[in-house]
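Asks: Starting from these lines, generate the structure:
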Amino acid sequence: MTPEQAKFAATLYLSGVENEFPITMKVLAAVPEAKKGYKPDEHARTAAELAAHLASSDFWFLNGVVNGDFTPQPDKTFGSIAEIVKYYEHEIPAAIAKIKAMPAEKLAQPVAFFGAFNYPVVLYLGFANHHSVHHRAQLSTYLRPMGAKVPSIYGGSYDEPFQAPAAAGH
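Replies: Below you'll find the model as predicted:
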């Protein structure tokens, strides 16, 4: 991959990451503090554990792109859902800004990933986005059984119906 291709890929992938960010924020914020210990099955993570994993791993992936290093890290520990939301709200935009500032040559550098891949580091932004959407979807299925409202994700939900944007200039 040429540096120019890597810069283009970063622009494309980051637009997806940025589009998903506010949706993920809504899902994280919808987890009720009083029910954060809920889990749908004995083998599942609790809502708080899943929310912490989502926030931690989103940052880990983006930071891995910045640093060219995907050394495994444990999920951060948080005292509350509000702490997870605050962390996510602060750290993800900051990590995105660092990636936007990366030189094209660095984005094109191959980086090993758990011995399975050795891709240009920019391609891991696609992994990051898919991983995030996957765990956000899991977490969104916890919400209604916990008595919480399910926010709109890619359209309306029962709890947050779709609202068509007002037509501009009419």
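Asks: From now on I want contacts and neighbour counts done on CA atoms only, so please keep to that.
Replies: Fine.
Asks: Which stretches in this protein count as strands?
Replies: In the chain, strands defined by DSSP state E lie at 110-113, 117-120, listed in chain order.
Asks: In a markdown table, list those strands along with mean neighbour count and mean pLDDT.
Replies: Listed next are these as a markdown table, based on neighbours: other Cα atoms under 10 Å; pLDDT from 0 to 100:
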| stretch | mean neighbour count | mean pLDDT |
| --- | --- | --- |
| strand 110-113 | 18 | 96 |
| strand 117-120 | 15 | 96 |
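Asks: I'd like a version of the ones you listed in JSON lines, one that adds distance to residue 66 as further columns.
Replies: Formatted as JSON lines, these follow (distance: least, Cα to Cα, whole Å):
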{"stretch": "strand 110-113", "distance to residue 66": "11"}
{"stretch": "strand 117-120", "distance to residue 66": "12"}
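Asks: out of these, which comes closest to residue 18?
Replies: strand 117-120 (20.5 Å; Cα to Cα).
Asks: Contacts for the closest one next, please.
Replies: For strand 117-120, contacts defined as Cα atoms under 8 Å, 6 or more residues apart in numbering pick out 1, 6, 107-112.
Asks: Point out the other helices and strands that the helix ranked longest in the chain packs with.
Replies: Looking across the chain with DSSP state H, the single longest helix is helix 3-30. With contacts defined as 3 or more Cα pairs under 8 Å, 6 or more residues apart in numbering; DSSP states H and E, helix 3-30 has these neighbours: helix 81-100, helix 104-107, helix 124-143.
Asks: That concludes my questions; thank you for your assistance.
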